[in-house]
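Engineer: Build me a structure from this.
(3 chains)
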Amino acid sequence: MDRYNVQQAISDWYQINKRDLPWRGISDPYKIWLSEIILQQTRVNQGLSYYLKFVAVYPNVDSLASAKEDDILKLWQGLGYYSRARNLLAAANQIVKQKEFPASYKELLKLKGVGEYTAAAIASFAYEEPVAVVDGNVYRVLARIFGISTAIDSSTGKKEFLEIANSILNKQDPSTWNQAIMEFGALQCIPKSPNCSTCPIHTECFAFNNDRIDALPYKKGKTKQQVRHIYYYFTRFNEQTIIKKRPAKGVWGGLFEFPALEVNHEIPIDKAIAHIKSELEISEDDFKVVLVQEPMKHILSHRIIYCSFIELELTQFNYKNGHNWIVIPLNQLHNYPVSRLMEKYISNI
DNA sequence: TTCCCGTACT
DNA sequence: AGTACGGGAA
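Structural biologist: Below is the predicted model:
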C-alpha cells in the first residue's frame, strides 16, 4: 500500500466533500478548543448547536473563565458526559492564569479535559504543529485501509495506530490533513455499510479487498450495563419544590434533580413512599400522593435505569438541610441543568 | 437493541 | 489495564 497515494486520494476527496463547519478555517485556539471538547464522543450534528450557543454566550476564554459552573452545565444540558463541561471551566481558568493560550501539543495536554487526541487537534489546527490526530474515525480508516486488526482499545493498539497515523501525516499541512482523514471517516468510511463503491481508494483498501469491512476496526471490550432503580419524589407545596445537586463524581455529575431513592433492586412503590415519608419527616396527614408515574426505562452506555416519579402534595414541610435540599419556586425549575431523564418528566409538568 | 465516540480515574 | 461516563443514530 503506497502511503503517498492514500494521502493524496484522501486529501483530494476532502477538498470536494468537506462540510462547511464554523470551526473550520479559523485559527482562534479558543474556538478550536471549545469545538473539540464539545465534539469528544459526540457527532457533529449533535454538537453543532451547542458550539454556536457557547460561542455566542462565551466569545472568548476570559468570559468562559468567569462563568458559573451551573450556567455552563445549563448550556451543556443534554449533551452528556458532563465532566467535560466542568473540565471546560477548570481549563478556562488554567488558561486565564497563564499569559497566553497554550501553544503546543505538550502544553495543551496539561489542560483539564484535553487528552492526546484533543491536544493534537488543537496543536495542528491552530498552530500547524505536525502531530497526528487519532480519533474513532482515524482508527476506522487506518484499520480498514491497512488491514490492522490490533484491538483499538488496547494499549498496544493505541501505540500502533498512533505510529501509522504519524507516518501518513502530511507534515507540510497537518491541519488540513488531520481534518481530511477524520472527515473521510465520518462521511465516507463510516462504521456501518461504508460507501465503498464511491470510495477513491477502495482498490487499495485491505478491508474492501479481503471482505473485512465489518470486522475492522477490531475492538475487544464491551462495557456491561448495570441495572439501577431510581424513585424520584417530586414534591409540591405552595408552588415550590425540592431539588438537589448531584455530586461531581458519578452519573450526571453536577446536574440537578429531585430528591431520590436510588437502589440496585426494584422495591414496591409503597416501600419507596414510606422511605420518602421518613426522609421528609412528615406524617400521614401532611401529604398526599398525587401521581405515581409508570416506570420509565432510561439507557446509558453502562447502565439500565428504571425510574419512577412519585408526585407528592405536601400540606406541611419543615425544611431541614441534612440532605442538601434546595427549595425553589416551581417556575424556576427550568433554569437548572438536568439530565435528559429529568427533562423528559419536567417538560410534562 | 446495538453501536459509536476521548478522557480521567483507579 | 480496565472501567466510568450519555445521548442519539443506525
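
Engineer: From now on I want contacts and neighbour counts done on CA atoms only, so please keep to that.
Structural biologist: Will do.

Engineer: What number of residues are in the vicinity of the single nearest residue of the stretch 151-300 of chain A relative to DNA strand C?
Structural biologist: Closest contact between the stretch 151-300 of chain A and DNA strand C, by C-alpha to the nearest atom of the strand, is at residue A:250 (2.7 Å). By other C-alpha atoms under 10 Å, 10 other residues sit near residue A:250.

Engineer: what's the domain layout of chain A?
Structural biologist: Using automatic domain parsing, the domain parsing of chain A gives A:3-209, A:226-346.

Engineer: what secondary structure does residue A:232 sit in?
Structural biologist: Under DSSP: H, G, I helix; E, B strand; the rest coil, the three-state class of residue A:232 is strand.

Engineer: burial measure for it, as a count.
Structural biologist: The number of residues packed near residue A:232 is 22, by other C-alpha under 10 Å.

Engineer: thinking it is in contact with residue A:256, fair?
Structural biologist: No. Judged on C-alpha atoms under 8 Å, residue A:232 makes no contact with residue A:256 at a distance of 12.0 Å.

Engineer: and the closest residue to residue A:293 other than its chain neighbours, bridged to which residues?
Structural biologist: Leaving aside its sequence neighbours, residue A:293 sits nearest to residue A:309 (C-alpha to C-alpha, 6 or more residues apart in numbering; 5.3 Å). For residue A:309, the residues forming beta bridges with it (DSSP bridges) are residue A:232.

Engineer: Report the contact partners of residue A:309.
Structural biologist: The contact partners of residue A:309, taken as C-alpha atoms under 8 Å, 6 or more residues apart in numbering, are A:231, A:232, A:233, A:234, A:292, A:293, A:294, A:295.

Engineer: which residues does the nearest residue to the fourth one once chain neighbours are set aside contact?
Structural biologist: Nearest residue to residue A:234, sequence neighbours excluded (C-alpha to C-alpha, 6+ apart): residue A:311, at 4.7 Å. Contacts here follow C-alpha under 8 Å, 6+ apart; on that basis residue A:311 touches A:233, A:234, A:235, A:236, A:289, A:290, A:291, A:292.

Engineer: do residue A:132 as well
Structural biologist: By C-alpha under 8 Å, 6+ apart, the contact list for residue A:132 reads A:120, A:121, A:124, A:162, A:165, A:166, A:169, A:174, A:178.

Engineer: For the domains of chain A, give me a markdown table that also has mean pLDDT.
Structural biologist: A markdown table is the format used below for those (pLDDT from 0 to 100):
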| stretch | mean pLDDT |
| --- | --- |
| domain A:3-209 | 96 |
| domain A:226-346 | 91 |
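
Engineer: Deepest in the core, which of these is it.
Structural biologist: Mean neighbours per residue, mean count of other C-alpha atoms under 10 Å, is largest over those for domain A:3-209, with a mean of 18.

Engineer: end-to-end on that domain?
Structural biologist: Taking C-alpha to C-alpha, to the nearest Å, domain A:3-209 runs 17 Å from one end to the other.

Engineer: That one vs DNA strand B: in contact?
Structural biologist: Yes. Using C-alpha under 7 Å from any atom of the strand, domain A:3-209 reaches DNA strand B at A:39-42, A:81, A:111-119, A:135-137, A:139-140, A:191-192.

Engineer: Now for the residue in the stretch 151-300 of chain A that DNA strand B sits nearest to: which residues touch it?
Structural biologist: In the stretch 151-300 of chain A, the residue that lies nearest DNA strand B is residue A:191 (5.0 Å; C-alpha to the nearest atom of the strand). By C-alpha under 8 Å, 6+ apart, residue A:191 lies in contact with A:140, A:214.

Engineer: Just to be sure, it is in a strand?
Structural biologist: No. According to three-state DSSP, residue A:191 belongs to no strand; its state is coil.

Engineer: So what does it look like in phi/psi?
Structural biologist: Main-chain dihedrals, residue A:191, degrees, to the nearest 10: phi -60, psi -50.

Engineer: Quick check: the gap between it and residue A:168.
Structural biologist: 21 Å.

Engineer: tell me the contacts of the residue nearest to residue A:156 when sequence neighbours are not counted?
Structural biologist: Excluding its sequence neighbours, the residue lying closest to residue A:156 (C-alpha to C-alpha, 6+ apart) is residue A:150, at 7.6 Å. Counting by C-alpha under 8 Å, 6+ apart, residue A:150 touches A:156, A:157, A:218.

Engineer: and those residues as CSV, adding secondary structure?
Structural biologist: Listed next are these as CSV, based on three-state DSSP:
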residue, secondary structure
A:156, helix
A:157, helix
A:218, coil
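
Engineer: so which of those residues are also by DNA strand C?
Structural biologist: Checking these against DNA strand C (C-alpha under 7 Å from any atom of the strand), the matches are residue A:156.

Engineer: Do any residues in stretch A:129-141 lie close to DNA strand C?
Structural biologist: No. Using C-alpha under 7 Å from any atom of the strand, stretch A:129-141 stays clear of DNA strand C, with a minimum separation of 12.1 Å.

Engineer: Now the nearest residue to residue A:178 once chain neighbours are set aside: which helix or strand?
Structural biologist: Spatial nearest neighbour of residue A:178, chain neighbours left out: residue A:133 (6.1 Å); criterion: C-alpha to C-alpha, 6+ apart. Counting by DSSP states H and E, residue A:133 is held by no secondary-structure element, helix or strand.

Engineer: confidence score at residue A:1?
Structural biologist: Note on residue A:1: pLDDT of 62.

Engineer: can you list the residues of the stretch 201-349 of chain A near DNA strand B?
Structural biologist: Counting by C-alpha under 7 Å from any atom of the strand, the stretch 201-349 of chain A sits next to DNA strand B at residue A:301.
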